[in-house]
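>>> Everything below, folded, please.
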Amino acid sequence: MSEDNKTIVSRWFREFWGNPWNPRIVNELCTADVGSYSIARTGSGAARREVAARVE
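Model prediction:
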């Protein structure tokens with residue numbers, strides 16, 4: 001894994017799952033076509049909006 005990828009993953013775990021958490025990290029690190037097994041509708045940006053709505 002590249003150092004850039006490690007940095008991104010580290011930020012995701014620290015800022016999304018950490019305490020205190022940063023809900024803005026969803027829009028900063030996720031692309032519009034992000035997928036999730038539980039809520040994805042890839043290609044429309046809906047998954048990112050759903051994740052952000054759940055955490056705001």
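>>> so what does the longest helix seen in the chain touch, helix or strand wise?
Identified as the longest helix of the chain according to DSSP state H is helix 3-16. For helix 3-16, the elements it packs on are helix 25-29, judged by 3 or more Cβ pairs under 8 Å, 6 or more residues apart in numbering; DSSP states H and E. Yep, even glycine has a C-beta here, placed from its N, CA and C like the rest.
>>> still on that earlier bit, what mean pLDDT does the longest helix of the chain get?
Averaged over helix 3-16, pLDDT sits at 90.
>>> Tell me the buried residues in that helix?
Trp12, Glu15, Phe16 (16 or more other Cβ atoms under 10 Å).
>>> Among those, pick out the one closest to Pro23, please.
Lowest distance from Pro23 to the buried residues of helix 3-16 (Cβ to Cβ) belongs to Phe16, with 8.0 Å.
>>> thought that closest one was touching Arg24?
No - the criterion here is Cβ atoms under 8 Å, and Phe16 misses it with Arg24 at 9.8 Å.
>>> picking that back up, adding distance to Ala32, write the buried residues of helix 3-16 out as CSV.
As requested, the buried residues of helix 3-16 are exported to CSV (distance: Cβ to Cβ, whole Å):
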residue, distance to Ala32
Trp12, 17
Glu15, 20
Phe16, 17
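>>> from those residues, which is closest to Leu29?
Nearest to Leu29 among these, with distances taken as Cβ to Cβ, is Trp12, at 5.8 Å.
>>> Which residues are in contact with the closest one?
Shown in contact with Trp12 (Cβ atoms under 8 Å, 6 or more residues apart in numbering): Ile25, Leu29.
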